[in-house]
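Peer 1: heads up, no residue letters with this:
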RNA sequence: GCCCUCAUCGUCUAGGGGACCAGGACGUAAGCCUUUCAAGCUUAAAACCGGAGUUCGAAUCUCCGUGAGGGCACCA
């Protein structure tokens, strides 16, 4: 039997990182066994459907590299893959259950339901129409009273849910009421729709969040009622908010202790400058481990080791700082041109006009300093931002100290200007030799350090920058000389 | 309130009766390197939630607590 897994989001918003994580495991399992991974849209709550959400999710999945063999856009042998296009099917199965005594029409009004809930009826419904006389049901129907279809849960006994990660989880049946499977508008609820689809689409392994574990007994009972084989159920743990309480929500923005925003949507990870390989590697380390103390790996490498049964059932907080580290590791493997092209848009977003040539010149020096692409912004302001440096930051006092008194500083900068005007070739070796010699000559301790530090400040207007020689080269001879002129004039 | 789940360093994890005075990674701290900031290298601190069992032996099995979470819709 081929493995078939699916990702079945409802199009109510954006792709959540937790959803992507769950999709990843389903995808990995299907790929490992050469099976199929499907995308199905669960849009039976039409009031919550958000335009564009499907496209957004597909885009996110593609970014992660999670491709699907069957889905709304590519079709497949068990389509359609959008639930609102399958309603006739669900209705057919709902009525089949009625015909076989496993479901019934319920005419309870919203007001009645409200009253039952207020009275504290377990499950919010007292099953008043469960055994309603057939002729009276016919009467109500003849009067055009709206109704829903409810599934008859057993009143006694217990239901065992075989969960791959937890074993059999036993639920007493009296905990449940008769759940609505077909709404009064004719659309199915999740309980009916996902189950009919999973069966018809021949899904073998269901990966979904633990929040479904509590309603899984209904599904087990329904599978039995239909006489269908239960797929392997894998309830993945919740992803917790790293700061504070509860699960990671996309509704309420959370913040790290550091004050940074907690990333939740897939699109936020993209915008924040993470590489898909890094994020996927990061997610694969959540609840599962490669083994052999290995943290960094490609998904292709992970596949042979992967098994759904090895996933830990414990809830997790995403270790965001590890993602930063991993992303940095992946950046180190990028070639300079690709890296520069990846960084460029983030610099341009600052309103800077970015010259690729200059960027390429500093990129080798920048690479080990980057964990994410936007990290380059504070380093490279001097290169692309033409607004003049803050005068209070770059002043004669800032450019001199006891190891490099003002007169010596002025002389050193003047010497540097002469040197840079003629230095050939204009490369790191030449500049390094010349400028450090000038530095040693003018500082009171005879070391180049104090001068080079001031030179960085003078040239870049920044306390922190790429290494000075590289910065000067990236700036180019003319611009560097112009800045030295400005500095010398400060004394 | 009722039902369900989970529990190893701060975090992600390895481990599944003796190989564990518990291993790795991130983060943190210190040192080296160094023109800043990083990177890199070296070192350090840091955990089996508690209590009872079972056993010659428990981080590992059982039970009870505790804590953390999830669920109780004509939402998924």
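Peer 2: In hand now; what should we look at? Not measured: the values here are computed from a predicted model.
Peer 1: So if we follow the domain assignment, how does chain A break up?
Peer 2: With domains defined by automatic domain parsing, chain A comprises A:86-236, A:334-384, A:406-490.
Peer 1: Using CSV, lay out the ones you listed together with distance to RNA strand B.
Peer 2: Backbone N, C-alpha and C define where each C-beta goes, glycine included. Below are those laid out as CSV (distance: least, Cβ to the nearest atom of the strand, whole Å):
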stretch, distance to RNA strand B
domain A:86-236, 3
domain A:334-384, 4
domain A:406-490, 4
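Peer 1: Make CSV out of the ones you listed and add mean pLDDT.
Peer 2: As requested, the domains of chain A are arranged in CSV below (pLDDT from 0 to 100):
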stretch, mean pLDDT
domain A:86-236, 96
domain A:334-384, 96
domain A:406-490, 91
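Peer 1: Grab the nearest non-local neighbour of residue A:323.
Peer 2: Distance criterion Cβ to Cβ, 6 or more residues apart in numbering; nearest residue to residue A:323, sequence neighbours excluded, is residue A:282 at 4.5 Å.
Peer 1: Wait, the one you found touches residue A:326, no?
Peer 2: Yes. Under the contact definition of Cβ atoms under 8 Å, residue A:282 touches residue A:326, with a separation of 5.4 Å.
Peer 1: Is there any residue in stretch A:2-22 that contacts RNA strand B?
Peer 2: Yes. With Cβ under 7 Å from any atom of the strand as the threshold, stretch A:2-22 lies in contact with RNA strand B, specifically through A:8-10.
Peer 1: For residue A:318, which of the domains of chain A is the nearest?
Peer 2: Across the domains of chain A, the minimum distance to residue A:318, taken as Cβ to Cβ, is reached by domain A:86-236, at 13.5 Å.
Peer 1: sec struct for the residue of chain A positioned farthest from its centre, please.
Peer 2: Distance from the C-alpha centroid of chain A peaks at residue A:407, with 55.4 Å (Cα atoms, centre = their mean). Secondary structure, DSSP: H, G, I helix; E, B strand; the rest coil: residue A:407 is helix.
Peer 1: residues contacting it?
Peer 2: For residue A:407, the contact set (Cβ atoms under 8 Å, 6 or more residues apart in numbering) comprises residue A:491.
Peer 1: Count the neighbours of residue A:280 for me.
Peer 2: The burial metric for residue A:280, expressed as a neighbour count using other Cβ atoms under 10 Å, is 24.
Peer 1: again but with residue A:5, I slipped
Peer 2: Taking other Cβ under 10 Å as the neighbour definition, residue A:5 ends up with a count of 27.
Peer 1: Could you do residue A:227 as well?
Peer 2: As a measure of burial, residue A:227 has 7 neighbours, counting by other Cβ under 10 Å.
Peer 1: any idea how far residue A:93 is from it?
Peer 2: 12 Å (Cβ to Cβ, to the nearest Å).
Peer 1: Strands of the stretch 301-450 of chain A, start to end?
Peer 2: In the stretch 301-450 of chain A, strands defined by DSSP state E, counting those that start in this stretch lie at A:316-317, listed in chain order.
Peer 1: Surely residue A:243 is in a strand?
Peer 2: No. Secondary structure of residue A:243, determined by three-state DSSP: coil, with no strand assignment.
Peer 1: Find me the pLDDT at it, would you?
Peer 2: In this prediction, residue A:243 carries a pLDDT score of 74.
Peer 1: shouldn't it be in contact with residue A:255?
Peer 2: Yes. Residue A:243 lies in contact with residue A:255 (Cβ under 8 Å); the separation is 6.3 Å.
Peer 1: hey, what's in contact with both of those two?
Peer 2: With Cβ under 8 Å, 6+ apart applied, the overlap between the contact sets of residue A:243 and residue A:255 consists of residue A:262.
Peer 1: okay if I get the residues of stretch A:2-22 next to RNA strand B as a markdown table plus neighbour count, secondary structure and pLDDT?
Peer 2: Listed next are the residues of stretch A:2-22 next to RNA strand B as a markdown table, based on neighbours: other Cβ atoms under 10 Å; DSSP: H, G, I helix; E, B strand; the rest coil; pLDDT from 0 to 100:
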| residue | neighbour count | secondary structure | pLDDT |
| --- | --- | --- | --- |
| A:8 | 25 | coil | 97 |
| A:9 | 24 | coil | 97 |
| A:10 | 18 | coil | 96 |
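Peer 1: from the residues you listed, which is closest to RNA strand B?
Peer 2: RNA strand B lies nearest to residue A:10 out of the residues of stretch A:2-22 next to RNA strand B, by Cβ to the nearest atom of the strand, at 3.6 Å.
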